[in-house]
Structure formats: C-alpha cells, structure tokens
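*Asks:* Sharing a model prediction with you, sequence too.
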Amino acid sequence: MRKLILRIHEKKLVLNLKETETASMIYNAVPISSSINTWGEEIYFSTNLSIKIEKDAKAIVDFGEIAFWTEGSSIAIGYGKTPISENDEIRLAAPCNIWATSNFEKCFFEDIRDGDKIYLDKH
C-alpha cells in the first residue's frame, strides 16, 4: 500500500492511499506545500491539481477519510462538524473524492489555524 506523510507544525500523519485515480495523481504530484484553511472542524488546503470528480464521490465522510474537493482543487480532512453538518455527521461543502485514510485522533487538529503551513510528501 502506498503511503504519504502529512506534516503540520511538528506533527505528522501517515496517509494510506486507496487504489483510485485521485490517489495516483496526488502521489505523483508530491511534494505539496500549502497554507491551511479551516471550516468548522475541517481543514483544507489548495493544490495545483485538476482532478475530475469520481463516481463514488461523497459529501458526508467517515472519520479518518481524506478527501479531494474537485471544485476547489483542494485536499480536505473533516474531523468533526462543519457549518452545514446535521447532527454528528462530517459533511463537506460538496461531494469529494475519497483517496486516502488515516488513523488520526481529533486532538491532532486542536491547535491548527488558518494560514498554518502544511506539507505532503512520500513516506
């Protein structure tokens, strides 16, 4: 299984890539560095990638899923409620391609703010 490392501050997450076109395109594009945007309990960061939406894209994601927001050319990680969530769901702004998973804990994101630098590279 292919893996990538996501680094924010001194923290690191291992991302386990799925066998999808989106995952392959992101894997081939790293290293990626960007600035974080936050939206409720979601972080996202822009890339220079243009990826088409996949047939199994979804807006309501499971905890630990890593998404690619095709409309915003951004990688998105929901870890709790967003402004449009209902009940306890993790609802992203639009359907997104799920391209990886990670075993993070919600506390990983506690001190992350808009504008923080984020880095994605091969494991």
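*Replies:* Yes, it's here.

*Asks:* Which parts of the chain are helices?
*Replies:* For the chain, applying DSSP state H gives helices covering 21-29.

*Asks:* Mind naming the longest strand for it?
*Replies:* strand 90-101 (DSSP state E).

*Asks:* and the angle for that strand with helix 21-29?
*Replies:* 60 degrees (axes from the mean of the first three to the mean of the last three C-alpha atoms, to 10 degrees).

*Asks:* How far off centre is strand 90-101?
*Replies:* Its chain's C-alpha centre and that of strand 90-101 lie 8 Å apart, by C-alpha atoms, centre = their mean, to the nearest Å.

*Asks:* Next, the buried residues of that strand.
*Replies:* Within strand 90-101, the residues scored as buried using 16 or more other C-beta atoms under 10 Å are 90-93, 95-101. The way it works is simple: take the backbone N, C-alpha and C, and place the C-beta from them, glycine included.

*Asks:* do the same with stretch 18-28
*Replies:* Within stretch 18-28, the residues that count as buried by 16+ other C-beta under 10 Å are 18, 20, 22-23, 25-27.

*Asks:* now, which of the residues you listed sits nearest N37?
*Replies:* Proximity of these to N37 (C-beta to C-beta) peaks at I26, which lies at 17.7 Å.

*Asks:* Look up the pLDDT of that closest one for me, please.
*Replies:* Confidence at I26, expressed as pLDDT, is 99.

*Asks:* hang on, it packs against I66?
*Replies:* No. Counting by C-beta atoms under 8 Å, I26 stays clear of I66, with 9.2 Å between them.

*Asks:* any shared contact partners between those two?
*Replies:* 75, 99-100 (C-beta atoms under 8 Å, 6 or more residues apart in numbering).

*Asks:* Is it correct that M1 is in contact with N16?
*Replies:* Yes. Between M1 and N16 there is a contact at 5.7 Å, judged by C-beta under 8 Å.

*Asks:* Settle it for me: which of these two has more neighbours?
*Replies:* Using other C-beta atoms under 10 Å, the more surrounded residue of M1 and N16 is N16, with 16 against 8.

*Asks:* Thank you kindly, that will do.
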